[in-house]
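>>> Task: produce atomic coordinates for the following.
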Amino acid sequence: MVAACFRLLVILAVGPVALFGVANAQAPSVASQSAARRLAFDEALRLIAGEDEGNLSRQAGRFTRTQLKDGRIIEIFYPLSGHGRSPRNRVPGYGMLYASAAAYHESTRPRHMLEELLPDGRLFIEQIPQLITRLERRLRISPGRLELTRVGLRRVDLFLRQHHANHTTAQTDPRLFQELTAYYGETLRRAVQGQWRIDEERVSSSHRQAEPNLLSGADRILKPWSSVIRVLYDEDNRGVGLTKSFDTDSRSGH
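Residues are numbered from 1 along each chain as shown. Below is the predicted model of the structure:
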């Protein structure tokens with residue numbers, strides 16, 4: 001359920017965000033280059049004039065996907081009429097234009113829920129101390145004063161109640177997500193006497209996502225980032241807080 005919820009959040013988000021300081025100097029990602037441009041229905045129809053509309057996919061009167069002669073791909077969603085004759089029941093048509101076939105496939109491929117929030121799991125683990133310090137600054141706490149205990153989690157939950165009062169679950173914040181995951185994960189790691197590890201999750205034939213997980217005992221894997229996603233972005237868990245998640249995760253880690 002969380003995965004489905006977060007896929008919707010990614011669609012609603014403005015786009016990829018540079019998460020770590022070093023990322024700011026990099027060239028735009030493939031994902032950012034592949035973003036589709038939405039077109040008005042009339043503009044989309046003008047683009048396919050003289051083209052073999054639907055040469056990739058066609059649903060008569062509803063949808064076409066066309067590769068243009070210049071290599072771009074355009075999807076056209078035709079107007080739909082609902083029940084009754086009122087214009088208000090009519091859904092307008094529109095187009096989605098991709099710069100190339102590669103851009104189309106990049107834009108539509110399966111994505112891991114961490115891809116936008118925490119793309120580099122290995123760098124994340126290296127930066128856990130700095131991320132916790134950043135969270136302390138956000139909470140206006142002196143460095144090193146936020147306890148990595150259940151007491152500290154309750155203090156973080158007070159902040160989260162205020163955060164939820166001023167933000168919707170659709171407003172993703174990668175920096176806050178990383179700070180909370182670092183703090184929550186390190187608190188959980190100490191409680192279960194575990195260790196950080198990277199697990200490569202296969203998302204598609206061409207993409208793997210590096211997940212920063214915890215190994216507890218010989219073979220029990222905990223995913224602190226998943227608990228933070230539920231608390232921040234799953235509407236059904238809004239207001240639950242990290243303390244309750246910690247109680248559940250720490251029990252399962254022993």
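
>>> OK, contacts around the nearest residue to A99 once chain neighbours are set aside?
Using CB to CB, 6 or more residues apart in numbering and skipping residues adjacent in sequence, the residue nearest A99 is R72, 6.1 Å away. In this view, the C-beta of every residue, glycine as well, is placed from N, C-alpha and C. Counting by CB atoms under 8 Å, 6 or more residues apart in numbering, R72 makes contact with 97-100.

>>> now with 10 Å?
R72 is in contact with 37, 47, 66, 97-101, 103-104, counting by CB atoms under 10 Å, 6 or more residues apart in numbering.

>>> Distance check, it against Q59.
20 Å (CB to CB, to the nearest Å).

>>> try S107
Distance, S107 to Q59, by CB to CB: 20 Å.

>>> cool, L123 as well?
43 Å.

>>> And those two? Which one has more around it.
Neighbours were counted for L123 and for Q59 using other CB atoms under 10 Å; L123 has more, 15 against 11.

>>> pLDDT score for the more buried one?
Per-residue confidence (pLDDT) for L123: 96.

>>> Is it within a helix or a strand, and which one?
Assigned by DSSP states H and E, L123 belongs to helix 121-126.

>>> got a list of contacts for that helix?
19-20, 22-23, 114, 118, 120, 131, 178, 181-182, 185, 196-201, 209-213, 225.

>>> please redo it, this time with the cut-off set to 7 Å
20, 118, 178, 196, 198, 210-212 (CB atoms under 7 Å, 6 or more residues apart in numbering).

>>> can you check stretch 148-158 too?
By CB under 7 Å, 6+ apart, the residues outside stretch 148-158 that reach it are 146, 183, 186-187, 190, 241-243, 246.

>>> what's the domain layout of the protein?
Each domain of the chain is listed here as a residue range: 31-108, 111-252, per automatic domain parsing.

>>> now the helices for the protein?
All helices of the chain, identified by DSSP state H, fall at 2-12, 30-33, 41-47, 101-108, 121-126, 128-138, 150-166, 174-192, 224-233, 242-252.

>>> Could you check how many residues crowd around I125?
16.

>>> Give me the distance between it and R145.
According to CB to CB, I125 and R145 sit 23 Å apart.

>>> Residue ranges in this structure under the pLDDT threshold?
Residues of the chain that meet the criterion pLDDT under 70 lie in 1-34, 82-89, 253-254.
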